[in-house]
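Asks: predicted model and sequence below, questions to follow.
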Amino acid sequence: MINSPAALRTARLLGLALAAASVLAAASVLAAASARAQAPALPVSTPAAAGLSKERLDHMRDFFRGEVDKNSAAGYVLLVARGGKLVYSSTIGMRDRARELPMTLDTRFRIASMTKPITSVAVLMLYEEGRFHLDDPVSRFLPEFANQRVFTGVDTQGALISEPAKAPITIRQLLTHTSGLGYVFDPSTPLGKAYLALPITLHSTLAEAVRAIAGVPLYFQPGTGWRYSYADDVLGRLVEVVTGMPFERFLKTRLFEPLGMTHTGFFIPESDVALLATLYKHGSTGELEPSDAPQLGSPADPERWPSGGGGLISTAGDYLRFAQMLENGGSLEGKRVLSPVTIALMSSNHVPDDALFKFWGADSRGLGYGLGVGMIIDAASSPQAGFSGDYSWGGLWDTHWIVSPRTGIVAVLMTQVDPRGNQSPQRTDPDFRDLLFASVEHIDAEPAQPGPGPALRATAH
């Protein structure tokens with residue numbers, strides 16, 4: 001009991017001191033958390049030291065500021081690395097215009113199909129462990145894909161007609177989108193309508209979703225064509241069956257944690273929801289408005305289905321670390337994920353040279369597809385700057401990245417735009433590449449190296 005004025009004053013002072021210490025400690029924790037969130041994704045250098053022009057990188061930043069002014073997007077996050085070091089970063093515009101929240105380095109993005117290369121890496125990790133061969137039938141692990149059938153037409157009642165598949169779907173064909181599976185981007189054909197009618201919801205399990213996908217006839221005999229598809233969702237389920245581990249847990253423990261990708265997952269904590277960039281679309285007058293895309297749902301819902309084809313949420317910095325691991329030949333900061341031999345296999349073209357051109361048209365000139373990534377196979381005819389061998393795979397909501405083995409450049413550009421409201425095709429990816437490679441002052445990362453000879457110049461575009 002305190003029964004003297006002096007003791008009471010002492011107790012009050014002690015209480016104030018403890019309260020102040022508590023406030024300082026809390027502030028220190030918050031500051032540390034903020035510092036971790038804003039910490040550079042890679043060791044830092046300068047554009048000049050990396051053989052890049054800061055003036056031209058600033059021009060790229062200003063170009064995308066102009067895109068914000070034109071309502072092409074609300075904001076962007078841009079990161080450029082070379083030789084394993086972050087040499088340029090910029091945050092542009094807003095992640096949420098209504099709440100006047102700016103883009104920051106810790107802004108979360110729905111990365112859609114940028115999930116696919118991550119899923120492919122997970123599959124290749126198991127391939128390296130000897131769990132399967134790439135040319136094994138997937139039905140060895142997923143029996144719902146036994147006895148597949150191939151679409152041949154419709155009857156007088158509009159029902160689908162099919163014939164037996166001549167060969168089973170292989171794991172390699174899933175990785176290369178040559179399995180004959182389809183997707184939801186074909187709303188006008190009978191088979192496309194069948195895919196749109198699949199009972200896949202935001203709360204489906206991977207097992208449920210994949211069983212539904214397996215029940216639709218294939219577009220073509222396995223291995224005889226190229227079609228963008230649900231293949232990566234099937235591959236996510238393959239990871240679950242082979243490892244006995246939920247797909248999201250495998251990614252977290254085997255890939256994200258070792259690579260320091262602490263802000264990547266299929267959902268985010270409630271405390272991080274304010275950091276999620278709003279997905280916008282263009283309204284009838286061209287103004288940006290929040291998208292009503294049915295695929296969105298709550299970003300903090302832990303029951304969201306872990307779509308291996310498009311479900312991840314991430315940051316520009318996290319994805320830069322993933323891409324840098326690929327550029328490094330499969331390792332980052334002493335943590336090996338894949339062998340350089342497997343990275344070379346992944347980033348090599350596995351499909352006919354005209355496969356993507358036939359499917360998507362002129363914008364895919366000179367492009368091929370490997371094991372989960374697309375690459376330039378003919379720089380001279382490609383519609384954007386770069387070298388043959390550059391690889392990437394962007395996301396539907398206008399998120400982009402690139403690894404350029406010839407130059408040692410790794411870069412990420414993130415925004416959030418639903419293309420359904422666009423009055424003209426998105427140009428973000430070719431603009432990004434053209435402006436990025438315009439900043440190169442030396443083809444090799446070391447500025448002291450002599451310039452390229454005539455033969456080398458002929459391969460660049």
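Replies: Right, received. Where do you want to start? Just so you know, these numbers come straight off a predicted model, no measurement behind them.

Asks: give me the number of residues near Gly286?
Replies: Neighbour count for Gly286, taken as other C-beta atoms under 10 Å: 12. C-beta coordinates here come from the backbone N, C-alpha and C atoms, glycine included.

Asks: that one and Tyr280 touch, don't they?
Replies: No - counting by C-beta atoms under 8 Å, Gly286 does not reach Tyr280; the two are 11.8 Å apart.

Asks: and the helices in the chain?
Replies: Applying DSSP state H to the chain gives helices spanning 5-38, 54-69, 115-128, 171-176, 190-196, 206-214, 231-243, 247-251, 257-259, 316-327, 340-346, 355-360, 428-438, 454-459.

Asks: who's in contact with the residue sitting nearest the centre point of the chain?
Replies: Geometric centre of the chain, nearest residue: Met114, 1.9 Å, by C-alpha atoms, centre = their mean. Applying C-beta atoms under 8 Å, 6 or more residues apart in numbering, we find Met114 in contact with 312, 314, 319, 393-395, 399, 401.

Asks: now the end-to-end length of stretch 292-306.
Replies: 20 Å (C-alpha to C-alpha, to the nearest Å).

Asks: output the below-cut-off pLDDT ranges for this structure.
Replies: Residues of the chain that meet the criterion pLDDT under 70 lie in 1-38, 445-461.

Asks: grab the longest strand from it for me.
Replies: Ranked by residue count under DSSP state E, the longest strand found in the chain is strand 85-96.

Asks: can you mark which positions in that strand are buried?
Replies: When burial is assessed from 16 or more other C-beta atoms under 10 Å, strand 85-96 yields the following buried residues: 85-96.

Asks: ok so, going back, in TSV: the helices of the chain, plus mean neighbour count and distance to Phe145.
Replies: Converted to TSV, those look like this (neighbours: other C-beta atoms under 10 Å; distance: least, C-beta to C-beta, whole Å):
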stretch	mean neighbour count	distance to Phe145
helix 5-38	10	42
helix 54-69	16	43
helix 115-128	24	15
helix 171-176	24	10
helix 190-196	16	16
helix 206-214	20	5
helix 231-243	25	8
helix 247-251	22	17
helix 257-259	16	31
helix 316-327	25	29
helix 340-346	17	23
helix 355-360	17	22
helix 428-438	20	33
helix 454-459	10	41
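
Asks: reformat those as CSV; add distance to Phe220.
Replies: CSV is the format used below for the helices of the chain (distance: least, C-beta to C-beta, whole Å):
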stretch, distance to Phe220
helix 5-38, 46
helix 54-69, 39
helix 115-128, 20
helix 171-176, 11
helix 190-196, 10
helix 206-214, 16
helix 231-243, 13
helix 247-251, 27
helix 257-259, 36
helix 316-327, 30
helix 340-346, 24
helix 355-360, 12
helix 428-438, 28
helix 454-459, 33
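
Asks: could I get the full set of strands for the stretch 151-300 of the chain?
Replies: 160-164, 280-282, 288-290 (DSSP state E, counting those that start in this stretch).

Asks: so which of the buried residues of strand 85-96 is the closest to Glu441?
Replies: Among those, Val87 lies closest to Glu441 (C-beta to C-beta), at 12.0 Å.

Asks: for the closest one, what are its contacts?
Replies: Counting by C-beta under 8 Å, 6+ apart, Val87 touches 44-47, 49-50, 52, 80-81.

Asks: adding neighbour count, write those residues out as CSV.
Replies: Shown next, in CSV, are the contacts of Val87 (neighbours: other C-beta atoms under 10 Å):
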residue, neighbour count
Val44, 12
Ser45, 17
Thr46, 11
Pro47, 19
Ala49, 14
Ala50, 27
Leu52, 27
Val80, 23
Ala81, 28
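
Asks: which single one of those residues is nearest to His203?
Replies: Nearest member of the contacts of Val87 to His203, counting by C-beta to C-beta, is Ala81, at 37.4 Å.

Asks: domain assignment for this protein?
Replies: Structurally, the chain divides into domains by automatic domain parsing as follows: 48-107+267-304+315-459, 123-243.

Asks: nearest to Gly329, out of the strands of the stretch 151-300 of the chain?
Replies: Nearest to Gly329, of all these, is strand 280-282, at 37.3 Å by C-beta to C-beta.

Asks: for that closest one, packing partners?
Replies: Packed against strand 280-282 by the contact rule (3 or more C-beta pairs under 8 Å, 6 or more residues apart in numbering; DSSP states H and E) you find strand 288-290, strand 417-418.

Asks: which of those is buried the deepest?
Replies: Most buried of the helices and strands packed on strand 280-282 by mean neighbour count (mean count of other C-beta atoms under 10 Å) is strand 417-418; its value is a mean of 22.

Asks: name every strand pairing with it and say which way it goes.
Replies: strand 280-282 (parallel) (DSSP bridges).

Asks: buried residues in the strand it pairs with?
Replies: So strand 280-282, judged by 16+ other C-beta under 10 Å, has buried residues 280-282.

Asks: need the contact list for the closest residue to Thr119 other than its chain neighbours.
Replies: Closest residue to Thr119 apart from its sequence neighbours, by C-beta to C-beta, 6 or more residues apart in numbering: Gly308 at 3.8 Å. By C-beta under 8 Å, 6+ apart, the residues touching Gly308 are 115-116, 119, 122, 206, 232-237, 239, 247.

Asks: how near is Gly308 to Ser364?
Replies: According to C-beta to C-beta, to the nearest Å, Gly308 stands 23 Å off from Ser364.

Asks: I'd like the contacts of Val87 as CSV, with distance to Phe141 appended.
Replies: Below are these laid out as CSV (distance: C-beta to C-beta, whole Å):
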residue, distance to Phe141
Val44, 44
Ser45, 44
Thr46, 49
Pro47, 47
Ala49, 48
Ala50, 44
Leu52, 45
Val80, 40
Ala81, 37
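
Asks: so which of these sit within strands?
Replies: In strands, defined here by DSSP E, the members of the contacts of Val87 are 80-81.

Asks: going by distance to Pro383, which of the contacts of Val87 wins?
Replies: Of all the contacts of Val87, Val80 has the smallest distance to Pro383: 21.2 Å, by C-beta to C-beta.

Asks: contact partners for that closest one?
Replies: Val80 sits next to 47, 52, 57, 86-89, 409-411, 436, 439 when contact means C-beta under 8 Å, 6+ apart.

Asks: what about 6 Å?
Replies: Contact analysis of Val80 by C-beta atoms under 6 Å, 6 or more residues apart in numbering lists 87-88, 411.

Asks: any idea what it is bridged to?
Replies: Note on Val80: beta-bridge partners by DSSP bridges are Tyr88, Ala411.

Asks: so how far is Ala277 from it?
Replies: As judged by C-beta to C-beta, Val80 and Ala277 stand 20 Å apart.

Asks: so how far is Gly130 from Asp363?
Replies: Asp363 is 39 Å from Gly130, by C-beta to C-beta.

Asks: out of those two, which sits in the busier spot?
Replies: Comparing Asp363 with Gly130 by neighbour count (other C-beta under 10 Å), the higher total belongs to Asp363, at 16 against 7.

Asks: nearest residue to the more buried one in space, please, no chain neighbours.
Replies: That would be Pro383: by C-beta to C-beta, 6+ apart, it lies 5.9 Å from Asp363.

Asks: number of residues surrounding the one you found?
Replies: 15.
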